[in-house]
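[1] sequence first, predicted model second:
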Amino acid sequence: MNYKSIGSLAAICALLLTIAGSASAQTETPEEAPAEAGVSEESAAEAAAEDTPVSDEDFAKSLIGQTYTGSFELDGWTNVGGGLVLPPFYVQHYSREDGTVLVLTAKSAEEDGSSSDFEITDALTTDKPNKGYTFSTACMKGEDFTLRYMGEASGKDEAEWWTNLRKAWEIDVETGKISSVNARGVKCTNPNW
């Protein structure tokens with residue numbers, strides 16, 4: 001037998017074993033690879049979603065429908081005040097350290113407003129009022145003395161009512177929903193009065 005042939009045969013066998021060994025070392029089939037890659041991508045997307053901060057608007061919307069008894073406290077928010085709009089609806093004003101305003105409307109469990117059990121019917125967030133302005137939930141329009149209006153107002157310290165408003169909102173006394181309205185004709189009580 002020719003030594004050259006044996007050496008060539010041995011080299012070919014070694015090459016085939018090397019190829020076969022690397023093929024069997026592969027731990028996933030091509031069909032498995034995309035599935036596992038999809039799981040990894042999905043897990044990464046879920047992790048990114050958990051790390052993404054919730055917007056103020058989404059936070060406010062998440063409060064709608066929640067029920068509570070007595071007062072409603074929120075971490076990171078200061079309860080500025082509020083009160084009865086018209087039975088069974090109440091309004092509550094909160095502010096955050098950065099000046100952001102949060103307003104919640106809530107419906108009493110009793111139509112006459114006498115219950116201390118409430119369900120949040122709507123929520124509004126707005127940026128910190130401009131310099132010289134303050135946010136008020138004690139506003140009215142025309143001869144309607146129901147304090148169902150809110151606004152970003154300014155005025156003279158000696159005036160009982162402030163009529164200079166940048167923005168205004170109205171609370172629907174049938175549903176408790178908050179909507180933006182034209183500020184013309186809306187006046188808010190002077191917080192220093």
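    Great, that's in hand.
[2] strands along the chain, start to end?
    For the chain, the strands defined by DSSP state E occupy 67-69, 77-86, 89-96, 101-108, 117-126, 134-141, 144-154, 161-162, 164-171, 178-181, 186-189.
[3] which residues touch D157?
    Taking Cβ atoms under 8 Å, 6 or more residues apart in numbering, we find D157 in contact with N190, N192. Backbone N, C-alpha and C define where each C-beta goes, glycine included.
[4] tell me how many other residues surround I171.
    As a burial measure, I171 scores 26 neighbours (other Cβ atoms under 10 Å).
[5] residues contacting the residue lying closest to it once chain neighbours are set aside?
    Spatial nearest neighbour of I171, excluding adjacent residues (Cβ to Cβ, 6 or more residues apart in numbering): R148 at 4.5 Å. By Cβ under 8 Å, 6+ apart, R148 lies in contact with V85, L86, M140, E170, I171, D172, V173.
[6] ok, R148 to E97 distance?
    28 Å (Cβ to Cβ, to the nearest Å).
[7] ditto for V181
    28 Å.
[8] now that we're looking at the residue nearest to I171, what pLDDT does it have?
    Looking at R148, its pLDDT is 95.
[9] that one and V54: what is the separation?
    29 Å.
[10] what of A123?
    Distance of A123 to V54, given as Cβ to Cβ: 13 Å.
[11] helix or strand, whichever it is, which one in this protein has the lowest mean pLDDT?
    Lowest by mean pLDDT, DSSP states H and E among the helices and strands of the chain is helix 3-25, with a mean of 42.
[12] distance check, the closest residue to T146 other than its chain neighbours against A159.
    Excluding its sequence neighbours, the residue lying closest to T146 (Cβ to Cβ, 6+ apart) is L86, at 5.3 Å. For L86, the distance to A159 equals 25 Å [Cβ to Cβ].
[13] also N79?
    Taking Cβ to Cβ, one finds N79 at 27 Å from A159.
[14] what does V186 give?
    15 Å.
[15] between these two, who's got more neighbours?
    Legend: neighbour count by other Cβ under 10 Å for V186 and A159, higher for V186 (24 against 14).
[16] wait, isn't the more buried one in contact with K141?
    Yes: between V186 and K141 there is a contact under Cβ atoms under 8 Å: 4.9 Å.
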